[in-house]
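Asks: 3D, please:
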Amino acid sequence: MYYFVITIYFKKCGDCGEKCTHPSGKCSGSCTDCLKEIQYHHSDGRTEYDCKNMLRYYTCHTIWKRCSEIMYALGTIDLEKYPRFNILSIGCGAAPDLMAFNKVASDKKISYTGIDIAIK
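Replies: Next up, the predicted model:
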């Protein structure tokens, strides 16, 4: 059996430097602040998920939270009634919904299509 170790190095959150894509042209120094600008529609703030640092932060920060919420919801349903799942996920991001289905319904046939915007 072989084991592979993948190490990913992230810049410090918010350390975008000259590559900052914030509409103001200046890095706020906080990926959390940028996410709030998008999610709460702050005027003159960030409106798109077009910063790779912010996307990495968002994914690592929220994917297991979303997955566990969906797993909890799936736990309230009798999954034995369903032989397969056809899932269309709009705004799927890193696919925490697929992670949840794979965890709680691994013995079922799962067909998954995820649609999301791509960053530049």
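Asks: how much space between the nearest residue to Arg84 once chain neighbours are set aside and Ile117?
Replies: Excluding its sequence neighbours, the residue lying closest to Arg84 (C-beta to C-beta, 6 or more residues apart in numbering) is Lys109, at 3.9 Å. Every C-beta, even on glycine, is put in place using the N, C-alpha and C of the backbone. Plainly put, Lys109 is 28 Å away from Ile117 if you go by C-beta to C-beta, to the nearest Å.
Asks: ok, now His61?
Replies: As judged by C-beta to C-beta, His61 and Ile117 stand 19 Å apart.
Asks: And Gly29, by the same measure?
Replies: Taking C-beta to C-beta, one finds Gly29 at 25 Å from Ile117.
Asks: out of His61 and Ile117, which sits in the more crowded spot?
Replies: Remark: of His61 and Ile117, His61 carries more neighbours, 13 against 9, as counted by other C-beta atoms under 10 Å.
Asks: Distance check, the more buried one against Thr76.
Replies: Using C-beta to C-beta, one gets 26 Å for the distance from His61 to Thr76.
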